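K.L.:
Okay, sequence plus prediction incoming.
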Amino acid sequence: MEISIDPRPDQLQSALASIPQNQPVVMLNLLQFKARAEYRQTQSGDNTDLTGQQAYAIYAEQALTFLKEVGAEVIWHGSARASLIAPAGEDWDQVLLVKYPDITRFTQMIMNPDYQAITRHRSAALANSRLIATQEQN
């Protein structure tokens with residue numbers, strides 16, 4: 001199974017360009033946590049003795065502010081229980097659906113330097129992930 005945590009700039013630019021503008025977009029997040037969070041760099045006051053799930057909870061709590069700023073909201077989240085149709089070994093711990101007013105608002109959020117600063121918790125937390133942009137089909 002290919003490991004994907006942080007998007008590559010070329011991958012992100014290409015994907016974002018393919019999404020129709022001015023339509024709501026729901027991001028499907030598939031998350032697999034590390035047993036222990038692994039921070040590349042720490043900051044003063046960091047608690048680095050965390051599970052991956054605990055580090056992700058820090059990221060998620062801080063990310064809510066940025067979601068609200070762009071008019072986005074978590075519309076569903078829960079535990080992944082079983083992969084019924086998936087390659088062997090592709091198991092997920094958590095699933096999130098986040099709705100944005102449009103892809104421009106998503107881009108605005110992820111380009112915000114203050115948002116980028118908190119993604120270190122996400123990167124430390126995850127063993128693997130998927131982020132899939134979806135739009136309602138008419």
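P.N.:
Perfect, I can see it now.
K.L.:
Surely residue 69 touches residue 106?
P.N.:
No. Using Cβ atoms under 8 Å, residue 69 makes no contact with residue 106, being 11.9 Å away. (Each C-beta comes from the backbone N, C-alpha and C, glycine too.)
K.L.:
which of these two has more neighbours?
P.N.:
Under the neighbour definition other Cβ atoms under 10 Å, residue 69 and residue 106 were set side by side, and residue 106 has more, 21 against 14.
K.L.:
Tell me the spatial nearest neighbour of the more buried one, not counting adjacent residues.
P.N.:
For residue 106, ignoring the flanking residues on the chain, the nearest one in space by Cβ to Cβ, 6 or more residues apart in numbering is residue 100 at 4.5 Å.
K.L.:
For residue 120, see how far away the one you found is.
P.N.:
Distance from residue 100 to residue 120, counting by Cβ to Cβ, to the nearest Å: 22 Å.
K.L.:
Worst mean pLDDT across the helices and strands of this structure, which element?
P.N.:
The weakest-scoring helix or strand in the chain, judged by mean pLDDT, DSSP states H and E, is helix 9-17 (a mean of 76).
K.L.:
Can you point out the buried residues in that one?
P.N.:
residue 16 (16 or more other Cβ atoms under 10 Å).
K.L.:
Cool, thanks, talk later.
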